[in-house]
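Participant: Build me a model:
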Amino acid sequence: QVQLVESGGGLVQAGGSLRLSCATSGISANGYAMGWFRQTPGKEREFVAAISRRGFPAYYADSVLGRFTIFRDNAGNTVFLQMNSLRPEDTARYFCAGTHSESSTAYYTEGDVYNTWGQGTQVTVSS
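Facilitator: Got it, this is the predicted structure:
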């Protein structure tokens, strides 16, 4: 079973950047499709970005398209979310998620598909 640990969150001014990391441990995450989600208190969990186990293709929510980039390292065991041009509405707790995928090119935007989740990292964007 893969375990996920997020890091890289923090406080940043609007227009700034952050890079979130999702480190995997346990068995190799090479066979896992990965995703990032975010949630604010009182709101539904929101899909942010997803990436196939091969590293491409990737898919983004409209709200972050062109500003965020999801990618994974060569070994496939760390997944990153580069966030640029941050806005106050990006403030949320960000969660990394993974699911084993038979397909090397599939990515998943529905949270219910994922069976492994990290504890999250808080991102706060000030105006």
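Participant: Now do the contacts for A97.
Facilitator: 4, 34-37, 111, 114, 116-118 (Cβ atoms under 8 Å, 6 or more residues apart in numbering). The C-beta positions use only the backbone N, C-alpha and C, and glycine is treated the same way.
Participant: do F68 as well
Facilitator: Going by Cβ under 8 Å, 6+ apart, F68 touches 48-49, 60, 81-84.
Participant: What ranges does the chain have for its strands?
Facilitator: 3-7, 10-13, 18-25, 32-39, 46-51, 58-60, 68-72, 78-83, 92-100, 116-117, 121-126 (DSSP state E).
Participant: and Q39, what are its bridge partners?
Facilitator: For Q39, the beta-bridge partners are R93 (DSSP bridges).
Participant: burial of it, as a residue count?
Facilitator: If you count neighbours by other Cβ atoms under 10 Å, Q39 ends up with 15.
Participant: didn't it look like it was pressed against F95?
Facilitator: Yes: Q39 lies in contact with F95 (Cβ atoms under 8 Å); the separation is 7.0 Å.
Participant: Need the overlap of contacts for the two.
Facilitator: Common neighbours of Q39 and F95, using Cβ under 8 Å, 6+ apart, are 45, 120.
Participant: before we move on, the earlier item: for Y107, find the nearest of the strands of the chain.
Facilitator: For these, proximity to Y107 was assessed by Cβ to Cβ; strand 46-51 is nearest, at 4.0 Å.
Participant: Only the buried residues of that closest one, if you could.
Facilitator: Residues of strand 46-51 classed as buried: 46-51 (neighbour count, 16 or more other Cβ atoms under 10 Å).
Participant: which stretches of the protein have low pLDDT?
Facilitator: 27 (pLDDT under 70).
Participant: So which residue is smack in the middle of it?
Facilitator: W36 (2.3 Å; Cα atoms, centre = their mean).
Participant: Surely that residue and A58 touch.
Facilitator: No: assessed by Cβ under 8 Å, W36 is found out of contact with A58, at 10.4 Å.
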